[in-house]
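1. Sequence and predicted model, in that order:
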Amino acid sequence: MSVYQIEIQVDSDFVDRVEPEMLQRIAQATLEAEQAPEGTGLTLVITGDEQIRALNRQFNETDRPTDVLSFSNQEGTDFISPDEEDLYLGDVIISYPTALAQATEHGHPVEQELALLIVHGCLHLLGYDHATDDEREQMWARQEAVLGRVV
């Protein structure tokens, strides 16, 4: 098993609703599946709609909450290379209320929705995108592959 530097931050409003160990396990599995080098790090934040809305407004000029935002420390680079040591990928910010609403809408547990959002956010940090049909197809395939390992 690879060793990654994954920091988990959960806003106090949601600390009794999530299991940090599960969040850690999903992020770890994503980095392992993508063969990120040992020592690779990221921060995973569980927050509320207002906080994520403020970030979305500030950085994406979109004044609404969203489910997940990824802030790459590697902007402008492609996928990580195996010779990079102690690489900090960036931050994945997830809105718990939006995740809960989406889980309810889709009829599955919020933990399953959180897993999807963690994988999705981590894949963005690793260089995946879904701006085009080809990119979306590739990213969705990777998402499903990782989720198949952990859910």
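-> Perfect, I can see it now. Remember, predicted model here, so these are calculated numbers, not experimental data.
2. show me where pLDDT drops low in this protein?
-> Within the chain, the stretches with pLDDT under 70 are 1-2, 74-86.
3. Now do the helices in it.
-> Ranges of helices in the chain, per DSSP state H, are 20-33, 49-60, 96-106, 110-125, 133-150.
4. Need these in CSV (columns: mean neighbour count and distance to residue 42).
-> The way it works is simple: take the backbone N, C-alpha and C, and place the C-beta from them, glycine included. Shown next, in CSV, are these (neighbours: other CB atoms under 10 Å; distance: least, CB to CB, whole Å):
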stretch, mean neighbour count, distance to residue 42
helix 20-33, 19, 7
helix 49-60, 15, 16
helix 96-106, 17, 18
helix 110-125, 23, 6
helix 133-150, 14, 14
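5. so can I have TSV of those showing distance to residue 3?
-> Shown next, in TSV, are the helices of the chain (distance: least, CB to CB, whole Å):
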stretch	distance to residue 3
helix 20-33	9
helix 49-60	29
helix 96-106	27
helix 110-125	16
helix 133-150	18
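6. what about those helices, which gets the closest to residue 88?
-> Residue 88 lies closest to helix 110-125 among those, at 9.7 Å (CB to CB).
7. ok, and what's touching that closest one?
-> 17-19, 22-23, 26-27, 30-31, 34, 42, 44, 46, 67-70, 72-74, 89-90, 92-94, 96, 99-100, 102-103, 106, 139, 142-143, 146-147, 150-151 (CB atoms under 8 Å, 6 or more residues apart in numbering).
8. isn't residue 44 right next to residue 92, touching?
-> Yes. Here residue 44 lies in contact with residue 92, judged by CB atoms under 8 Å, at a distance of 5.0 Å.
9. between those two, who's got more neighbours?
-> The neighbour count for residue 44 versus residue 92, taken as other CB atoms under 10 Å, is higher for residue 92 (28 against 23).
10. need the contact list for the more buried one.
-> Shown in contact with residue 92 (CB under 8 Å, 6+ apart): 27, 42-45, 68-70, 117-118, 121-122, 124-125.
11. Cool, thanks, talk later.
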